[in-house]
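In: Provided below for reference: sequence and predicted model.
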Amino acid sequence: MGVMDNIKRKLSDFSFQRKGSPNREVKAINIKHAQTVGIVYRADNDETKELVERYVKFLKEYKIRCKTLGYYNQDELPRYVSPRLEFDYFLKKDLNWKLETKISEVLNFVQSEFDILIDTTVEEDDVIRFVVKQSIARFKVGGAKKGVEDLDFTINLQQDEGIRQLMKGLDNYLHLINKD
């Protein structure tokens, strides 16, 4: 990590701590009762991208409307990627010096009142944390990360566990919550 990256990190931490969370009603909901689900993820990780695409197909079988927001740590989208109905993306060049973005895809995503928001990041991610914090979703879930308190429900992962174990754990618990 270079000097500029350290400076950006410190400035984003300062900005992040000063920024308040939006007012929202927190409500734990079973995945089978959810009507809308938002998923935020690092799209430049092939394994994560594949798992998110499969999970969206799975949720569609329950007639759940899904919207995903993927982040590429690049200035341009790869040629093989094109935004689709459920899949939006934002890029490194869309971020300001505080690691925040004002592009319409991100603003629409955080202002959507999802029943469940799934944060698929396993490690702390400065860019994704702003999206999660600003979201007005009713129930925010994801992996437990040091210093991250914006999720309503977290899964603790072991040192060697990754995105697959996180998605399995979240799916399992989202089926158990408020079970009829």
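Out: It's in.
In: can you pull out the helices in this structure?
Out: 3-18, 46-61, 104-110, 126-134, 163-176 (DSSP state H).
In: Out of those helices, flag the one nearest residue 151.
Out: helix 126-134 (6.9 Å; Cβ to Cβ). Quick note: C-beta positions are derived from backbone N, CA and C, even for glycine.
In: For the protein, which residues score under the pLDDT cut-off?
Out: Regions of the chain meeting the criterion pLDDT under 70 cover residues 1-2, 4-22, 147-148, 179-180.
In: Grab the most central residue of it for me.
Out: When Cα atoms, centre = their mean is applied to the chain, the residue found nearest the centroid is residue 40 (2.6 Å).
In: doesn't residue 125 make contact with it?
Out: No: with contacts defined as Cβ atoms under 8 Å, residue 40 does not count as touching residue 125, sitting 9.3 Å away.
In: what sits against the closest residue to residue 41 other than its chain neighbours?
Out: Excluding its sequence neighbours, the residue lying closest to residue 41 (Cβ to Cβ, 6 or more residues apart in numbering) is residue 120, at 4.1 Å. Counting by Cβ atoms under 8 Å, 6 or more residues apart in numbering, residue 120 makes contact with 39-42, 48, 51-52, 142-143, 163, 166-167.
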